[in-house]
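Undergrad: next comes the sequence, and after it the predicted model I'd like to discuss.
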Amino acid sequence: MTVTAETTWTDQTATLSPVLKQATPVVVDHALGSWIHGTDGHDYLDFTTGIGVTSTGHCHPRVVAAAQEQCAKIIHAQYTTVMHPPLLELTEKLGGVLPLGLDSVFYANSGSEAVEAAIRLARMATERPNIVVFQGGFHGRTVAAASLTTAGTRFSAGFSPLMGGVHMAPFPYAYRYGWDTDTAVDFALRELDYLLTSRVAPNDTAAFLIEPVLGDGGYLPTPPRFLQGLRERADRHGILLILDEVQAGFGRTGRFWGHQHAADVTPDILITAKGLASGFPISAIAAPTDLMAKAWPGSQGGTYGGNAVAAAAAVATIDVIRDENLVENARVRGEQMLDGLAAIAARYDAIGNVRGLGLMAGIEFVTGESGDAPVPDAATALAVQQATTRHGLLTLTCGPAGNVVRLIPALVVTSDEIDMGLER
Ligand code: PLP
């Protein structure tokens, strides 16, 4: 074939990459609130919310209006070239919901990019190389974020070498160990201390990185005492505590931030994305100003970061969450959902464990025990996920072994919709 500089127009049809294998056969025509209307003519109750993204429900009228209005003013202005009002307004609004002291904000587009920005900042600020992550953590798919991810080998196998300096410590996964939460927390903290004396010197360690609720790792709330133990060790050794609130933040757990279930824990760097703009791609990290100032210009940034339309949607999202009392709704509806799931679990041996926080619920499927540990049953989890779709309820699976069905309704979900979801 002769390659020429000229573009050749053909009638070829491109197809989607095979890695874009859908969890459901649904093609969306339009969506509103908790509902997706498929091109197949069916209505689906959406307990996936674009993987925890459409926090205010699909196409909330105030978010739609804000985005439409912004589109007509300016769509994109690269933020290190010229600034735009929505990003300034968003930064001011975030000041009202961020933990005290985290008063400097940097913007990117996705969770993975924000995770990378946090890691870069931690290394630059401490001049230390090592990052300690916790078993089952998910932090994204870019190479650095995948290096920090231990929620399944599928996220990193085959494209090594990954980023160096990452060390994994145990997570207090009480159900898996067959222990109560306190025993699991004691064990995990002891193992962390052992790691810090045996392999990863504290004064070579930049940060601990953890999610307040493990997301892809199986919807496991991080016990408050574990977060407190990390905070205490971070303070003792001059290590930064980075909390990945990409999935658990923005009201989803029934508090504005997932870590706020643990008293006296404030991160040094907080990462947020997903629910931040109800579906528009934008992410952020927040840190104290003096810490943020340790990153030099050019070390962080990107062409699209802090996009004007996404920022306007994020401003509207924060307003809607406040005006419609959605954090409290997430708490109350989350309790309703977890109570209902516990009642369902009591009827089926295949359900080993139900857990969650607010509107993040995980149903773990197992087949008996081998040794002390329950055996993951991914086939049943997948069959349940597919069956709920056939019954008009969209759900997802997660967990390193793929044996957890997760429910992530929108923060606007109603009591009737939760009951309907449980029924389905
Ligand atoms: N961190 C957490 C906790 C996540 O759940 C995710 C995505 O699911 C990410 C990071 C990566 O975000 P993104 O897919 O936007 O890159």
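TA: Sure, I can see it. Just so we're clear, the structure is a prediction, and the values are computed from it rather than from any experiment.

Undergrad: for V405, what are its contacts?
TA: Applying C-beta atoms under 8 Å, 6 or more residues apart in numbering to V405 gives the contacts G362, I363, F365, A381, V384, Q385, T388, T395, L396, T397. C-beta coordinates here come from the backbone N, C-alpha and C atoms, glycine included.

Undergrad: ok, now I36?
TA: With contacts defined as C-beta under 8 Å, 6+ apart, the neighbours of I36 are V26, V28, D43, Y44, D46, H58, L394.

Undergrad: what's the most distant pair in those residues?
TA: Maximum pairwise distance among those (C-beta to C-beta): 13.0 Å, between V26 and H58.

Undergrad: more crowded one of those two?
TA: Each of V26 and H58 has its neighbours counted (other C-beta atoms under 10 Å); H58 has more, 23 against 18.

Undergrad: so what's N353 up against?
TA: With C-beta under 8 Å, 6+ apart, N353 has these contacts: Y175, A345, G362, I363, E364, V366, P374.

Undergrad: just the CA coordinates for the helix or strand containing the first one, please, in CSV.
TA: If you go by DSSP states H and E, Y175 is part of helix 174-177. Extracted in CSV, the C-alpha atoms of helix 174-177 (Å, rounded to 0.1, in the frame of the first residue of the first chain):
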residue,chain,number,x,y,z
ALA,A,174,-13.0,-8.0,58.6
TYR,A,175,-15.5,-10.3,56.7
ARG,A,176,-12.8,-11.8,54.6
TYR,A,177,-10.6,-12.5,57.6
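
Undergrad: what's the longest helix in this protein?
TA: Secondary structure of the chain per DSSP state H: the longest helix is helix 326-345.

Undergrad: so for it, mean pLDDT?
TA: For helix 326-345, mean pLDDT rounds to 98.

Undergrad: so after it, what's the next helix or strand?
TA: Per DSSP H and E, the first helix or strand lying C-terminal to helix 326-345 is strand 351-357.

Undergrad: run the chain-centre distance for that next one.
TA: Its chain's C-alpha centre and that of strand 351-357 lie 18 Å apart, by C-alpha atoms, centre = their mean, to the nearest Å.

Undergrad: which neighbours does that strand have in its sheet, and in what orientation?
TA: Using DSSP bridges, strand 351-357 pairs in its sheet with strand 360-370 (antiparallel).

Undergrad: after the partner strand comes which helix or strand?
TA: Assigned by DSSP H and E, the successor of strand 360-370 is strand 373-376.

Undergrad: which elements pack onto that next one?
TA: Using 3 or more C-beta pairs under 8 Å, 6 or more residues apart in numbering; DSSP states H and E as the contact test, the elements touching strand 373-376 are helix 174-177, strand 360-370.

Undergrad: for the residue in the stretch 101-250 of the chain that the ligand sits nearest to, list the residues it contacts.
TA: Per C-beta to the nearest ligand atom, the residue of the stretch 101-250 of the chain with the smallest distance to the ligand is G111, at 2.2 Å. Residues counted as contacts of G111 (C-beta under 8 Å, 6+ apart) are H139, G140, A145, D244, V246, Q247, I271, A273, K274, S283.

Undergrad: swap the cut-off to 6 Å and go again
TA: G140, V246, A273, S283 (C-beta atoms under 6 Å, 6 or more residues apart in numbering).

Undergrad: and for P376?
TA: A401, N403.

Undergrad: equivalent analysis for L230, please.
TA: Here L230 is in contact with F208, L241 (criterion: C-beta under 6 Å, 6+ apart).

Undergrad: one more pass at 10 Å, please.
TA: For L230, the contacting residues are 132, 134, 169, 188-189, 192, 208-210, 222, 239, 241, 243, 262, 265, 267, by C-beta atoms under 10 Å, 6 or more residues apart in numbering.

Undergrad: tell me which helix or strand it sits in.
TA: Assigned by DSSP H and E, L230 belongs to helix 224-237.

Undergrad: gap between that helix and the chain center?
TA: Chain-centre distance of helix 224-237: 21 Å, with C-alpha atoms, centre = their mean.

Undergrad: before we move on, what about stretch 379-387?
TA: 22 Å.

Undergrad: who does the longest helix of the chain touch, helix- and strand-wise?
TA: For helix 326-345, the packing partners by 3 or more C-beta pairs under 10 Å, 6 or more residues apart in numbering; DSSP states H and E come out as helix 308-323, strand 351-357, strand 360-370, strand 404-407, helix 415-423.

Undergrad: average model confidence for the second one?
TA: Computed over strand 351-357, the mean pLDDT rounds to 97.

Undergrad: any residue of that strand up close to the ligand?
TA: No: Strand 351-357 stays clear of the ligand (C-beta under 6 Å from any ligand atom), getting no nearer than 13.5 Å.

Undergrad: between that strand and helix 326-345, how big is the angle?
TA: Here the directions of strand 351-357 and helix 326-345 differ by 170 degrees (axes from the mean of the first three to the mean of the last three C-alpha atoms, to 10 degrees).

Undergrad: enumerate the residues of this protein near the ligand.
TA: Taking C-beta under 6 Å from any ligand atom, the part of the chain that reaches the ligand is made up of 51, 110-112, 115, 138-140, 211, 215-216, 244, 246-247, 273.

Undergrad: out of these, which end up buried?
TA: Neighbour-count burial (16 or more other C-beta atoms under 10 Å) is assigned, among the residues of the chain next to the ligand, to 51, 110-112, 115, 138-140, 211, 215-216, 244, 246-247, 273.

Undergrad: coming back round to it: just the contacts of V405 now: which is nearest F159?
TA: Using C-beta to C-beta, T397 is the member of the contacts of V405 that lies nearest F159, at 22.8 Å.
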